[in-house]
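Engineer: let's see this in three dimensions:
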Amino acid sequence: MANSSNARKLGRITGVATRLAVERVSRTRTYGAVSQAVRASASHFKGVLGQLWLEVTGFVFLALAGIGAIAFAREYGKYHAGQISSGRVALALCFSGLFGWFGLSSFWKVRKRSGSR
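Structural biologist: As a prediction, this is how the structure comes out:
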């Protein structure tokens, strides 16, 4: 029983000492400067990662639009030969147009964001 009581007392003393040390450190100029630097760096990296995300998704959408354009050309050739109906051609055209719009709008958002900084 004596050991668990001593352990509790030691735990309380350690907790109080830690709290006092944290309070004392948080009032120093160095801590303030470091915390401001960390906040500024995190804010900058957040912006850069957001821009990178928009650029990567824009590229992926434009690549899919390119694949859709190739499918449109292939389906249009089959349609002209009378092998398929116009529905597949329209579907390929809508697919490439939609993904092209997504890709371009993603790059426009990047441009708008970088222009406001």
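Engineer: please name the nearest non-neighbouring residue to residue 76.
Structural biologist: Excluding its sequence neighbours, the residue lying closest to residue 76 (C-beta to C-beta, 6 or more residues apart in numbering) is residue 89, at 5.4 Å. Quick note: C-beta positions are derived from backbone N, CA and C, even for glycine.
Engineer: surely that neighbour meets residue 73?
Structural biologist: No - taking contacts as C-beta atoms under 8 Å, residue 89 lies outside contact range of residue 73: 9.9 Å.
Engineer: which of those two has more residues huddled nearby?
Structural biologist: residue 89 (20 against 12; other C-beta atoms under 10 Å).
Engineer: follow-up on the earlier one: distance of the residue nearest to residue 76 relative to residue 63?
Structural biologist: Remark: distance between residue 89 and residue 63 (C-beta to C-beta, to the nearest Å) = 21 Å.
Engineer: now residue 24
Structural biologist: For residue 24, the distance to residue 63 equals 56 Å [C-beta to C-beta].
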